[in-house]
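> here are the coordinates; sequence isn't available:
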């Protein structure tokens, strides 16, 4: 039988989870829930049902883990605590500043329902957070650097699309090579986010639009671009469709530390990096692996909200502990 | 007070643990145990005692975690199970093929004594194993590549030193740049260890030694060098002392996977790498972080042998779970 999975929300992330579940023979997809008209949704999986999200309550006994694929702005703050009482859940809540409050709300619901919820699972927060923790624990005397990119920032892309005269736009966050190189060599400069990243904007302008005006509007936009090294490149609609339809991303977490006697230290560098052709599919794959962990934790009676910090890595693998020791250790 | 640490064995690794404990304000070193005459040993820590290993039994109540710093060939197979009954322990047992048996022996002892033991902690086995597990769990459809180096292999260095006419030698295992590049680009070639690594040998020859003979003897040595791309470089004693006295190492674990619909997959690459100026000090730093975890697990009644797969990452950090969620997630 395996682990019965439900998907709540069917955007890029939900579709990614559907595909990830297919790669895991110990899981099966039971149903996809949507706030749209279920009739309007076509999914690839032939066995799974497509239902309105209001129907979820009827699947309490049929779904082992509900993977919440909504956004952090408006969906998860409501759905997370709501569904954590009914189902074991996994989500990718990523509003860093609000994680403590979200954790508390989900934890309370999950404990009320006797369920287990893994929150803020993905790559940042998620695998990057895990590597920040490992780096700090192993090399307490050191500096940590997180670089994002090269990849698309949806928020920045949207901000550009709101500029007058812009027809379409996409923004790539790009780590500054020079900063990255210095840190990989063992230097430990103090660098702000702005000093670590470049913002690359591909813009399709409307006919007769004021290109200089658009460029100026982007480069001086407070919060989003002002203070950043920003490049604005105008392209045609065709180029846009041809070259910028994927959702790549990537990034680095680097810990640069020193060990040994005070003063005569040895440099030690730990680095975790990812290079993704599809950001949502990768996040979906992480959510799916953590669904396995949540299922097992709940079976053992470990209820409540968990983060990536709380979950023993063995719980992610379909292999038994003995097999893991034989094959991967 | 903090966590009271004992060190069993005072070679490079034991000294590294002594230095690592100093970087962790929640720990204090109680004693170093040695099989040598304790009078002959000078340690940096002024408070800690130096004692013969036979005295360890008298510190059962005074040491929270004993970090076993002996070697895997002869020390740990005896010391691991022996001390696991008396103390919470951490060790770096690294004979991959014998880990299951070692785990069983330590587990039995630890359970008898109500203690907790983390075995095979370090970077490989250890952090590299953790990344192999994460890679496989997140990207089940994929290939995994472990590269070691650039770094010194003690076993290979010793093998060269046994060659007639060799006065001193050191061998660096070096990842083959070309293989590394292909894999980082997303190719998934089938490559043996020999096709991933180059062996670089720096040799000080005795006076009048047959250099060609030495080169041939090294390059054709079965198990160690035959079949590898091997470079032999003769250097002077002075160069040897000047350029090869450190113990650097490094390596990469790369998972190259595919997500998305069958056939139209997106490439996804996860990479973990380290670059170390001191291999034993880095391993020692990992052991020390896991000592904190072992202490906490035992306080919670989680006894028996554990590997890096079994331990929730939060247990490694001196920060509280709430603080971790606020600061590192």
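Arrived safely. A quick note: this is a predicted structure, and the numbers were derived from the prediction, not measured. Numbering: from 1, shown residues only, chains lettered A, B, ... in the order given.
> for chain A, what spans make up the strands?
Assigned by DSSP state E, the strands in chain A fall at A:3-8, A:27-34, A:49-52, A:65-68, A:88-91, A:116-118, A:142-148, A:151-152, A:166-175, A:197-205, A:229-234, A:249-259, A:266-276, A:304-306.
> can you pull the contacts of the residue of the stretch 101-250 of chain A found nearest chain B?
Evaluated by C-beta to the nearest C-beta, the stretch 101-250 of chain A has residue A:137 as its residue closest to chain B, separated by 3.9 Å. For the C-beta atoms, the positions are set from N, CA and C on the backbone; glycine is no exception. By C-beta atoms under 8 Å, 6 or more residues apart in numbering or on different chains, residue A:137 lies in contact with B:289, B:292, B:313, B:316-318.
> and if we set it to 6 Å?
Taking C-beta atoms under 6 Å, 6 or more residues apart in numbering or on different chains as the criterion, residue A:137 is in contact with B:289, B:316-317.
> same question, residue A:110
Counting by C-beta under 6 Å, 6+ apart, the residues that residue A:110 touches are A:84, A:117, A:303-305.
> separation between the residue of the stretch 101-250 of chain A closest to chain B and residue B:315?
Taking C-beta to C-beta, to the nearest Å as the measure, residue A:137 falls 9 Å from residue B:315.
> Tell me the residues of the stretch 101-250 of chain A that contact chain B?
If contact is defined as C-beta under 6 Å from any C-beta of the partner chain, the residues of the stretch 101-250 of chain A in contact with chain B are A:103, A:120, A:125, A:129-130, A:132-133, A:137-138, A:140-141.
> okay, residue A:263: pLDDT?
Per-residue confidence for residue A:263 comes out at a pLDDT of 51.
> So what's the predicted local confidence for residue A:46?
pLDDT, read off for residue A:46, is 89.
> Actually, residue A:4.
The pLDDT attached to residue A:4 in the predicted structure is 98.
> residues contacting it?
With contacts defined as C-beta under 6 Å, 6+ apart, residue A:4 is in contact with A:30, A:63-64.
> from those residues, which single one is nearest residue A:50?
Residue A:50 has its nearest neighbour among the contacts of residue A:4 in residue A:30, at 11.1 Å by C-beta to C-beta.
> beta partners of the spatially closest residue to the closest one that is not a sequence neighbour?
Nearest residue to residue A:30 in three dimensions, chain neighbours excluded: residue A:4, at 4.8 Å (C-beta to C-beta, 6 or more residues apart in numbering or on different chains). Here residue A:4 sits in beta bridges with residue A:28, as judged by DSSP bridges.
> wait, isn't residue A:111 in contact with residue A:305?
No. Taking contact to mean C-beta atoms under 6 Å, the distance of 8.4 Å between residue A:111 and residue A:305 leaves them out of contact.
> Looking only at neighbour counts, state which of the two leads.
Neighbour tally, residue A:111 and residue A:305, criterion other C-beta atoms under 10 Å in any protein chain shown: the higher count belongs to residue A:305, 26 against 16.
> Just grab the bridge partners of the more buried one for me.
As assigned using DSSP bridges, the partners bridged with residue A:305 are residue A:117.
> rewinding a little: from the contacts of residue A:137, list the ones also adjacent to chain A.
With C-beta under 6 Å from any C-beta as the criterion, the subset of the contacts of residue A:137 in contact with chain A comprises B:289, B:316-317.
> Thank you kindly, that will do.
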